[in-house]
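Engineer: what follows is a predicted structure for the sequence shown.
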Amino acid sequence: QVQLVESGGGLVQPGDSLRLACAASGRSFGDYYMAWFRQPPGKERSFVAAITWGGWVTYNPDSIKGRFTISKDNAKNTVYLQMNSLKPEDTAVYYCAANRARIDPGTWPDYWGQGTQVTVSS
């Protein structure tokens, strides 16, 4: 079993930056792919970015256009999502996810965090 806890969400203004964190606990994380998804109000949850424990990354270019960076700290079992130049359309609940198999945009991972709200508004 894997437990995921997100933190770092909040209310920011357009153009601001925010860093989300996902602390993982449970089994060995070298076996898992990690990812961030987001769900805007009234819309479906969608893939944002993924990272392997070895550091290979995948992004959804349509949603972030180079403004977000996923990274990890193996010693802390934590995955981060650095979000820059935030826009109102980035407003969503952001979810951390983990999966034994590779996470692609069409993947529905096995493990999810509870989500953290990010609101971008002036």
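Structural biologist: Arrived safely, thanks for sending. Computed from a predicted model, the values in this text were never measured in an experiment. Numbers count the residues shown, from 1 in each chain.

Engineer: could you find the closest non-adjacent residue to the residue positioned nearest the centre of the chain?
Structural biologist: The centre of the chain sits closest to residue 36, judged by C-alpha atoms, centre = their mean, with a distance of 2.3 Å. Using C-beta to C-beta, 6 or more residues apart in numbering and skipping residues adjacent in sequence, the residue nearest residue 36 is residue 48, 4.3 Å away. Bear in mind the C-beta positions are built from the backbone N, C-alpha and C, glycine included.

Engineer: quick one: contacts for the one you found?
Structural biologist: Residues near residue 48 by C-beta atoms under 8 Å, 6 or more residues apart in numbering: 35-38, 59-60, 63-64, 68, 70, 81, 94.

Engineer: got it, and residue 56?
Structural biologist: If a contact means C-beta under 8 Å, 6+ apart, then residue 56 has no contacts.

Engineer: for residue 69, same thing?
Structural biologist: Contacts were defined as C-beta under 8 Å, 6+ apart; by that measure residue 69 touches 49, 81-82, 84.

Engineer: host element of it?
Structural biologist: Under the criterion of DSSP states H and E, residue 69 resides in strand 68-73.

Engineer: what pairs with that strand, parallel or antiparallel?
Structural biologist: Within its sheet, strand 68-73 is paired with strand 78-83 (antiparallel), according to DSSP bridges.

Engineer: in the partner strand, what counts as buried?
Structural biologist: Within strand 78-83, the residues scored as buried using 16 or more other C-beta atoms under 10 Å are 78-81, 83.

Engineer: which secondary structure elements does the helix or strand containing residue 36 sit against?
Structural biologist: In the assignment (DSSP H and E), residue 36 maps to strand 33-39. Other helices and strands packing on strand 33-39, by 3 or more C-beta pairs under 8 Å, 6 or more residues apart in numbering; DSSP states H and E, are strand 18-26, strand 46-52, strand 68-73, strand 78-83, strand 92-99.

Engineer: quick check, residue 121 in contact with residue 11.
Structural biologist: Yes. Judged on C-beta atoms under 8 Å, residue 121 makes contact with residue 11 at a distance of 6.7 Å.
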